[in-house]
Structures are given as structure tokens and as C-alpha cells.
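Visitor: coords please:
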Amino acid sequence: GQSDKAAGWLASMAVGRLTEEDAVRAREGTDAPVHVGRRFGILAKARRRIVFVAASLPLWMTVRTCVRLVGWIVPGLGRLLARMVPVAV
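Guide: Numbering: from 1, shown residues only. Sure thing, here's the model as predicted:
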């Protein structure tokens with residue numbers, strides 16, 4: 001006949017079922033204040049990146065102008081420098 005050995009062993013690995021303790025922990029981690037806090041963190045990080053890019057724009061424009069000037073004088077060196085710069089020239 002059939003035994004409950006396999007069912008007992010697989011019960012702890014049941015997909016889609018949470019223990020009461022896990023269900024309470026899951027509800028605590030997904031309420032509105034937690035969601036809002038995480039969203040504000042993501043937006044703050046994006047804001048910092050945008051400010052960094054905007055603040056460093058004059059530097060990159062200067063680098064671009066210098067690379068183009070070098071490329072106008074010595075085309076091979078200009079192409080080499082353009083490949084090394086992490087932005088489009």
C-alpha cells in the first residue's frame with residue numbers, strides 16, 4: 001500500500017503555501033509605508049544620478065571639444081582618444 005513517508009517529506013516544500021510565521025512576515029514587508037519608502041529610495045538614487053550627469057556635463061563637453069581638436073590636427077590620435085573616452089564624441 002501507500003505510505004505517508006513521501007507526503008510528510010514533501011509537505012515542508014509545498015509550493016504556494018506559507019507557514020503562519022512566514023505569512024505574517026510577508027504581510028509586514030509589503031504594506032503601503034514600506035512600498036513608499038522603497039520607492040522614495042529608488043527615486044532618490046535616480047535623482048542623484050541625474051544631478052551627477054548634469055553637473056559633469058561641462059567637463060564632458062570640454063573633453064569632447066579637446067578630442068575633436070586633436071582629431072582635426074592628428075586624425076589617428078583623435079580616433080584613439082575617442083575610443084578611450086567613456087562617452088560619445
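
Visitor: Could you check how far Val85 is from Val67?
Guide: Distance, Val85 to Val67, using CB to CB, to the nearest Å: 6 Å. For the C-beta atoms, the positions are set from N, CA and C on the backbone; glycine is no exception.

Visitor: Comparing these two, which shows the higher neighbour count?
Guide: Just comparing Val85 and Val67: by other CB atoms under 10 Å the higher neighbour count belongs to Val67, 21 against 13.

Visitor: what's the following helix or strand after the biggest helix by length in the chain?
Guide: Taking DSSP state H as the criterion, the chain has its longest helix at helix 32-73. Going down the chain from helix 32-73, the next helix or strand is helix 75-84, by DSSP states H and E.

Visitor: what's the angle from that next one to helix 32-73?
Guide: Between helix 75-84 and helix 32-73, the angle comes out at 170 degrees (axes from the mean of the first three to the mean of the last three CA atoms, to 10 degrees).

Visitor: Return the list of helices and strands in contact with helix 75-84.
Guide: Counting contacts by 3 or more CB pairs under 8 Å, 6 or more residues apart in numbering; DSSP states H and E, the secondary-structure elements packed against helix 75-84 are helix 32-73.

Visitor: what's the helix it packs on packed up against?
Guide: Here helix 32-73 touches helix 75-84, going by 3+ CB pairs under 8 Å, 6+ apart.

Visitor: Let me know the average pLDDT across the helix it packs on.
Guide: Helix 75-84 comes out with an average pLDDT of 94.

Visitor: C-alpha coordinates for the helix or strand hosting Ala7, CSV please?
Guide: Ala7 is located in helix 5-11, with elements delineated by DSSP H and E. Included here for helix 5-11 are C-alpha records, laid out as CSV according to Å, rounded to 0.1, in the frame of the first residue of the first chain:
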residue,chain,number,x,y,z
LYS,A,5,6.5,8.9,4.1
ALA,A,6,6.8,10.9,0.8
ALA,A,7,3.9,13.2,1.6
GLY,A,8,5.4,14.0,5.0
TRP,A,9,8.8,14.7,3.5
LEU,A,10,7.4,16.9,0.7
ALA,A,11,5.0,18.8,3.0
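
Visitor: just the angle between the next helix or strand after that helix and helix 32-73, please?
Guide: Next along the chain after helix 5-11, taking DSSP H and E as the criterion, comes helix 20-28. Angle, helix 20-28 to helix 32-73, by the same axes, to 10 degrees: 60 degrees.
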